[in-house]
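Q: test case, fold it:
(one chain, ligands or ions: 1)
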Amino acid sequence: MPTASRKFRVLNFHGIGTPHRVLDPLEDVFWIGIDRFRDVLDRIAVHSDRERLFITFDDGNISDFLIAVPELQRRGLSAEFFVLTGRIGDPGSLGPEDIRALLQMGMRIGSHGIAHRDWTSLSARELNNELNASKATLERICGEPIRCAAIPFGRYNAAVLAALQRAGYVAAYSSDGGCMQTTAFLRPRTSIRHDTLDGELTEILSGKMSNLRWLRRAAAMAIKRWV
Ligand SMILES: [Zn+2]
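A: Predicted coordinates for the structure are as follows:
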């Protein structure tokens, strides 16, 4: 249904505050200020449908640990953090101890691959390595199974989804927007960017979509799943 407000919504963040590493091209739009981040969390914390609002973070930036987690805990919220294993321990990124600390604070950890590559552009061997080696690295650090992945750039196709399932993942988070079902393998999210307007945020939190947007999203996801 176009207005499935009872379904779950996933708000996805990347970096908060000032980056402590050189950003990739076009990445800066995904970094938001601390005040804006607090504002979004405040709205989630008091939302009437709060239990259906999920929070995720991609890329494993050190701001996950230094800024996001204290703000989440202050509001009784938790989140899932999708880490790039090729950046673990690099300046500006989470280290192994940070990742273990996140787990101990009740947060969840998932894979975002190794090197932030477009998974649709890789050979089968490269793709399998991104999925399997990142999972193994995180399982070594966390000491528990890693079951979820977040797809870099939200770019996927049928081969990517099949490879994720073969690698043992039970869920893959995309960036298709709108609602998601917790029983689905492919779980759409909406990224909160520094240019996300308040009105858009209200719509994202409500899970409501216009008929036209819902149809466009459904068509786009169907094409990506089968290509
Ligand atoms: Zn990413």
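Q: I'd like the distance from the strand or helix carrying residue 135 to the chain centre, please.
A: Element membership of residue 135 [criterion: DSSP states H and E] is helix 124-142. Helix 124-142 sits 17 Å away from the centroid of its parent chain (Cα atoms, centre = their mean, to the nearest Å).
Q: buried sites along that helix?
A: By neighbour count, with 16 or more other Cβ atoms under 10 Å as the criterion, the buried positions of helix 124-142 are 127, 129, 130, 131, 132, 133, 134, 135, 137, 138, 141, 142. C-beta coordinates here come from the backbone N, C-alpha and C atoms, glycine included.
Q: got a list of what the second one touches?
A: Read that as residue 129. When contacts are counted by Cβ atoms under 8 Å, 6 or more residues apart in numbering, residue 129 is found next to residue 114.
Q: give me the pLDDT for it.
A: What the model reports for residue 129 is a pLDDT of 98.
Q: mind checking how far it is from the ion?
A: 18 Å (Cβ to the ion, to the nearest Å).
Q: and that residue, how far from residue 135?
A: When distance is defined by Cβ to Cβ, to the nearest Å, residue 129 is 11 Å away from residue 135.
Q: and for the last one?
A: Taking Cβ to Cβ as the measure, residue 142 and residue 135 are separated by 10 Å.
Q: can you pull the buried residues of the least confident helix or strand in the chain by mean pLDDT?
A: In the chain, the helix or strand scored least confidently by mean pLDDT, DSSP states H and E is helix 211-226, which has a mean of 81. Neighbour counts over helix 211-226 (16+ other Cβ under 10 Å) mark 214, 217, 221, 224 as buried.
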